[in-house]
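Engineer: this is a predicted model, with the sequence first.
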Amino acid sequence: MLNFVARRLLAILPVLLAVSLLTFLIASLLPGDLAFVILGDQATPENVAALRRDLGLDQPLWWRYLSWLGHVLQGDLGRSFRTGQTVLQAVAERIPVSLQLMLMAEFIGLLIGVPVAIACAARAGSAFDRFMTGSAFAMLSMPSFLTAILLIYLFAVELHWLPATGYVPFTEEPLANLRFFVLPALTLALAEWPGIMRVLRSDMIATLQEDYIALAKSKGLKPSRILFVHALKPSSLTLVTVTGINIGRLLGGTLIVESIFALPGIGRLLVGAIYTRDLVILQGVVLLVACGFVIVNFIVDMLYAVLDPRIRHGHA
Amino acid sequence: MMQLAVRPEPLLNVDNLVVEYGLGNKTVHAVSGVSLKVARGETLGLVGESGCGKSTLGRAVLQLRRAKSGRVLFDGEDLTAMEGEALRKMRRRVQLIFQDPIASLNPRRRIGDIVAEPLIISGIKDAAERKRRVHAVLSAVGLDPDLVANRVPHEFSGGQCQRICIARSLVLNPEFIVCDEPVSALDVSIRAQILNLLEEMKARFGLTLLFIAHDLAVVKAVSDRVAVMYLGRLCEVGPSEQLFAKPAHPYTGLLLQAIPVPDPDVRPAESVATGEPPSPIAPPSGCRFRTRCPRADQRCSAEIPELREIAPGQFAACHHPLA
Amino acid sequence: MSALLLTIEDVAVELPTPRGNLRAVDHVDLSLEAGRTLGIVGESGCGKTMLSRAVLQLLPKKAKLTGRVMFDGQDLVRLAPERLRRLRGRDLAVVFQDPMTSLNPVLTIGTQLVETIQEHLELDTPAARKRSIELLAAVGIPAPEQRLAQYPHQCSGGMRQRIAIAIALSCEPKLLIADEPTTALDVTIQAQILDLLAREQRRRHMAMIIITHDLGVVAGRADEVAVMYAGRVVERAPTQALFRRMHMPYTEALLAAIPKLETAPHTPLPAISGRPPDPTRPLRGCSFAPRCRYAGPRCHEAKPELKGAEMPGHLYACFHPIRMTERIGA
Amino acid sequence: MATLELSIQDEAASAPVRGGRRLGFLFWLASGWLAIILALAILAPVLPLQNPVDMDMLERRAAFSSEHWLGTDGLGRDELARLIFGARVSLTVGLIAPMIGLVLGGALGLLAGYFRGRFETLVVGSMDVLLAFPPLIFALAVTAYLGQSIPNLTLILGVLGIPAFMRVARAATLTLARREFVIAAEALGASHARILLRELLPNVILPLLAFFLLGVAVTIVVEGALSFLGLGVPPPMASWGSMIGEGRESLDVAPRLAFLPAAALFVTVLAFNLVGDTLRALTDPRQGAL
C-alpha cells in the first residue's frame, strides 16, 4: 500500500511541473506586453523599458520561468500590481467562499443523486426509473447559467423568498450566509446530480447482473443487504471518480455561479483578474487551481484503492 | 502408425526458448527454456493446464511475442532474428488459429473481405484472382461462398466462425499453422466437426500443425506426437499412442487420471492430484512439478531435470520417471 | 422409495428477445429424491442453466415462467418472496460455474461466509466465524483462519470454487444445485472439486443436481441423468441404464462425438452435422430431426413425447429409438 | 462418415438480428429540431430577416408584433433575427471545435492505444496536464489574451476537447487491440498502418462519432457560458449566450429576453445530447451482444 502511494505520488510530480510550465507559458507567450498593461496611458518607451527591466521581462524566457518557479516553490506567487495584495492573500481571503459553495453543491448533488440512482437501479425499467432518467438527461442539457437565471427569476424576482446576490461571512451571520448560498449551491447541485445519478445507476444495474449478486440472492440474504452491501460498494468506484472530478471541476466551475450571484470567491477573483488584465493574480490562481485539481485526483486514486481491494493488492 | 520422431531437417525447430514478461513490478516466467522440433507434415500436440505457457509458446513461435532468449528456426531460418519486412514475408508461410473464433473476426468487415485480407497483404492485386481463391477456400471449409461472402461475422455461430478463421489461415497456402485451443470454445457436437475439418485440411493442403489444447483426448485425436507442458517447461514429449499408454512423467500420469470418463462403470478414482499449480511469477526451484508430485525428493528441488529419452522417441524431464 | 424432494412439473421459460420470444425451457418434468444426484447434460443453449435458474427463482425479470417447482412440499414459483428468501441458502443452495465472478470482489471471504450463516442460523458472530473456519477446513482450504480476512482475488480459481462450495454447504442444505461447477477449472482441479462435492454430498446426505455439458462428469457421479436438447428433456434414465442402452439418437451422437483416449490418433470422429435449431423459431417436429441420421418423415411433422422404455425409470422422446445392434462406436 | 456441413441454408433463414434496434420517437423529434435549426442558421443571410445589429432606440423591449415577431431587445434590435444569427454562431463554434478534438484527439488516442509504451505515457500525461486546467478558466485566460473572435474561440474550445476524444479513442482501441482479430492481422503480416486503418479505425470511429455529438452539446454550452460572461463572441454580434447575458439585466421587466435564447439553447443542447446518446448506446458493444 505504501509502495502504491509512493508510486502514485512520484507520477504526479511531472504533471505538476508541466502544469506550472503551461501556466507560465499561457501568461507569458500570449500577446499584450505586461509593461504596457501596467503603465496604460503613461506608457512611454523609456517607462516601458524601465519597467520591463524591473519586472525581469528583458531576460530570456527559460530564465524567467525558472526564477518564477523558484519563487513559487518558496511560496511566493507574486503580488497584484492593481491591489498590491499577494496572490496567496487574495486566494486565502476568497477560498472559504468557494469551498463552502463547492461542498454545499456537491453535498446536495450527492443527496439527490445517490438515493435516486439506487432507487432507479433497484427498479430498472419502471415508470419511476424512466421518469428520473429522463429528468436527469434533461438536466444534463441545462447549463448552470440557465439554471441560475431560472432560479433567480423564480425565487428572487417572482417569489422574493431568497436574495439574488450578496454575501456575508458565515462567522458573522450564519443564517444570512446560508440564505445567500442556497441559490448558488442549488444551481451547481442541479448540474451535478444528473451525472452522479447516471453513473451510479448504470454501474449498479451492471453490478446487479453479476454472478455474485445472483449468489447473494440464492444465499437468501435480505434485499436491502444485497442492494447496500453487495451491490453499492463495487458500484461506487466510478462514482468516486466522478465526484472527485466534479470537485476538481467545481474548483474552476464556480466561476459563472459566483459571477451571477456576486459571491466573492476564487471564480470572481479570476474573472476580475481577466477583466483588469491582472496577470500576476491570473497566473497564480490558475496555477493553484490546476495543482488543486491534480491533488484531488490523487486523493481519488487513493480512495479507489481503499474501496477496491484488487487495486490495493496490485491486481488490476 | 508412422514414426516421425526425429528427422534431420525439422520444419520448425524451437531451441531453448525463454519468454518472460512484466506484470506490474513482477516478472512472469511464461516459457523457461523449451526446445521442440516439428517435422514436415507432422502434427505436434501441446498440452497443459491454463497458465502453463503453452499459448505464449505458440505466439512466441510466430514472433507475436518476442522471446527473451533462444531461437525459433523455421525451415532453417531464424525467426527471432528477423525484423520488419523479412518477418512480414515469412508470416505468409506460418498461420495462427485462435480459441475464440468470434473475436478473431473483425465485426465491421464482411466475410469475403476478411478471407481476402491475407491475399491483399501479400500483394495479389487482381481482384478476380482474389475472389476465385476466396471462393475456393470457403468451399473447402464447408461453407457456401455465395451465401457467406457478403455477410458480417455476427450472423454466424461459433462453429461457422471457426470455419471462416480456418479459411482465412489457409487462403495463402501456408506450410505451418499454430492452432491455439481451436475447439475449446465450441460445443461437443461442433467440436468434432472442426477437428475433422482440421484433419481434412491438413491432408489436403499438406500442412504441419502445432496443436495447442488443454484436453488430452482432443490432442490425441489429431496429433502424431504430444508434448506436455507444466509451468513454462516441457515435462514429456513422445508419440501420442505411446505417451498416453505409458506416461513417463508423473504429471502426464496425473493428467490422464483426472480426465472424467463417460462410462459409469469406470468409478472415478479419488483424485490423486493434490494442491494447485504454483504461480509462474515465482516458480519452484528444480523440477517445477515437485510441489505436487508424490515422487518428489531432495534431488527434485535441487536439480532441474533435463529431457532424456525414456523409450524410443519418448522423452521425459523427470528424475524419477514412472516405470 | 423415499419421498420426492424436488419435482419440476411442466416448467416452461420464455425470454423475450429482439428476434422474438425465445423458448429457453420447453415443458420439462423432472424429479429428485432426497440424498440422490441428478445430472442434467446438454450443450450450450439447450436450456439447462435456465432450468436451474427456474428452480432457484433467479430468472431474468423479463422471463416468463409457467409450471410448478415443488420443493419440500411448497411450490417455489408461487412462494411469497420473504418465504422464498428464507428457503434459499438454507435448504436450497447453489454453486455457479465461474468462481472468478461468483464471489463479491470487495467483501472478504469471512464476510461472505458469516453473513450466510447469520442470515439463517441463530448464531452470534464468534460462533458463525468458528463455523466458517470449520467449513473452510472441510472443503480442503489450508490455513482457513487466515483466509477469512482475505479477498477473493487473493485466491486461485480452485480455492474460490472451494469457498463457494463452503458457502453453499454452510446451512446444511437439502438440495445443492451445481451449475457447471468445474467448467472454468483445469482438469486436475476439476477432479478435486468433483470429488469434494461427492464426498460432502454423501456425508451430509443432501440431494444434488449437477449441470454439465460433459457426459464424463456425470457418468461416475450421478444416480440419474437427464439429457436436454433445444429446451426439452429428450432422454432420462438411471445413469447405468443410460450409458448401457441409450435410446435417443442425440444422446448417442453426443457420446460418439467426444474424442476418446482409447481411439488411435487421426481417427475421424462421428460428428453431428449442422447445429442446434434457433430457439426463437420452434420446429414443428422433433428439434433434433434436421441433424438426426435416423429421422423419418414423421419426425419432421410431430413432436415425440417422453415415453417409458422397457427399463423402469428410463424415458426417451423419439419415434425411432436406437436398438443395440445399430449403435455406432459401441 | 459425413463431417462437413456444406449447406448453411438454415442460417439463411435465421436472418439478420439488426432489425430490432428502434431509434424511437424522441430521437427523430430531436433530429428534426436539429435539422430545422441548422437550416435556419445556414439560410439566415437570405431569409427575410431584419438586421440583427440594427438598433431602434424607440422600440426597446417591444412586445411581439407583426413587425418584430418576437419583439425587440434592450437596444431595440429584432429578437428573432438575433436568435437565428445567434444560432449561426453557436452552431459554427459548436460543430467546428469538436472536429478539432475528434481529429487530433481521435488520432492520438488510436495511436496511443495501439502502440502503447512511452508514446502512450507521453500522450496520456500531456492530456492529464491539459485536463488539470478547468476548461472555462483556460478558455477565459486564453481569450483574454488572444482576443475575442470566433476563430479564436473555436480553436480554444477545440483544443480543450482533445483530451476527452483522446480518452474515448484510446479506451476503445485498448480493448480492441487485445482482440484476436487484430493479432490475426498482425500474424498475417499486415503493416501497422494497415492494422490501424482497416482493422481498428472502422471499430473506433463509431463511438467517436457518437461522442462527437455529445461534444457539440458541451461546446455549445461552454461557448454560451463564455459569451454570457461577455468573454465569448465580440459585441454587437449575437450569440445565445450573450443574449441570455444581456437579457439577465431585464429579468424583472422582460424575462422573455433571457428565456427565449435560453429555451433555444436548452432544446438544441438536449437534442444533440439525445441523438448522441442514442447513437452511443447503439455502438456500445455491451448492448450489441444480444
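Structural biologist: Received it, and whenever you're ready, just let me know what you need. Numbering: from 1, shown residues only, chains lettered A, B, ... in the order given.
Engineer: only C-alpha atoms from now on, for both contacts and neighbour counts.
Structural biologist: Will do.
Engineer: burial measure for A:L66, as a count.
Structural biologist: Residue crowding around A:L66 was assessed by other C-alpha atoms under 10 Å in any protein chain shown; the count is 12.
Engineer: where does it sit: helix, strand or coil?
Structural biologist: Classification of A:L66 by DSSP: H, G, I helix; E, B strand; the rest coil places it in helix.
Engineer: distance-wise, check it relative to A:G78.
Structural biologist: A:L66 is 14 Å from A:G78, where distance means C-alpha to C-alpha, to the nearest Å.
Engineer: also A:L25?
Structural biologist: Separation of A:L25 from A:G78 (C-alpha to C-alpha) stands at 16 Å.
Engineer: try A:W68
Structural biologist: Taking C-alpha to C-alpha as the measure, A:W68 and A:G78 are separated by 9 Å.
Engineer: B:G123 too?
Structural biologist: When distances are taken as C-alpha to C-alpha, B:G123 and A:G78 turn out to be 65 Å apart.
Engineer: please apply the same query to D:L265.
Structural biologist: D:L265 sits 40 Å away from A:G78, going by C-alpha to C-alpha.
Engineer: could you do A:G195 as well?
Structural biologist: With C-alpha to C-alpha as the criterion, A:G195 and A:G78 are 38 Å apart.
Engineer: between these two, which is the more surrounded one?
Structural biologist: For A:G195 versus A:G78, the count of surrounding residues by other C-alpha under 10 Å is larger for A:G195: 22 against 19.
Engineer: tell me how many other residues crowd B:L172.
Structural biologist: Using other C-alpha under 10 Å as the criterion, B:L172 is surrounded by 21 other residues.
Engineer: phi and psi next, for the closest residue to chain D within chain C.
Structural biologist: In chain C, no residue comes nearer to chain D than C:P18, which is 5.2 Å away by C-alpha to the nearest C-alpha. Per-residue torsions, C:P18: phi -60, psi -20 (degrees, to the nearest 10).
Engineer: could you do the one 10 residues further on as well?
Structural biologist: In terms of degrees, to the nearest 10, the main-chain angles of C:V28 are phi -110, psi 140.
Engineer: does it touch C:E9 like I think?
Structural biologist: Yes - taking contact to mean C-alpha atoms under 8 Å, the distance of 6.6 Å between C:V28 and C:E9 places them in contact.
Engineer: out of these two, which sits in the busier spot?
Structural biologist: Taking C:V28 and C:E9 together and counting by other C-alpha under 10 Å, C:V28 has the greater number of neighbours (19 against 16).
Engineer: now the more buried one: how far from chain B?
Structural biologist: 22 Å (C-alpha to the nearest C-alpha, to the nearest Å).
Engineer: ok, what's across the strand from that residue?
Structural biologist: Partner residues in beta bridges with C:V28: C:V11, with DSSP bridges as the criterion.
Engineer: ok, residue 95 - contacts?
Structural biologist: With no chain named, the answer covers chain A. Remark: with contacts taken as C-alpha atoms under 8 Å, 6 or more residues apart in numbering or on different chains, A:I95 is in contact with A:G265, A:I266.
Engineer: the intended chain is chain C.
Structural biologist: Going by C-alpha under 8 Å, 6+ apart, the list of residues near C:V95 reads A:L215, C:A164, C:I165, C:A168, C:L176, C:I177, C:A178, C:D179, C:P181.
Engineer: for those, please prepare a markdown table with the additional fields secondary structure, pLDDT and distance to A:R7.
Structural biologist: Output for the contacts of C:V95, formatted as a markdown table (DSSP: H, G, I helix; E, B strand; the rest coil; pLDDT from 0 to 100; distance: C-alpha to C-alpha, whole Å):
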| residue | secondary structure | pLDDT | distance to A:R7 |
| --- | --- | --- | --- |
| A:L215 | helix | 93 | 37 |
| C:A164 | helix | 95 | 35 |
| C:I165 | helix | 95 | 38 |
| C:A168 | helix | 95 | 41 |
| C:L176 | strand | 95 | 47 |
| C:I177 | strand | 95 | 46 |
| C:A178 | strand | 95 | 43 |
| C:D179 | strand | 93 | 42 |
| C:P181 | coil | 91 | 40 |
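Engineer: which one of those residues has the most neighbours?
Structural biologist: Ranked by the number of neighbours (other C-alpha under 10 Å), the contacts of C:V95 place C:A168 first, at 28 neighbours.
Engineer: once you drop chain neighbours, what's closest to that one?
Structural biologist: With sequence-adjacent residues excluded and distances taken as C-alpha to C-alpha, 6 or more residues apart in numbering or on different chains, C:A168 is closest to C:A93, at 5.1 Å.
Engineer: many thanks, we can stop here.
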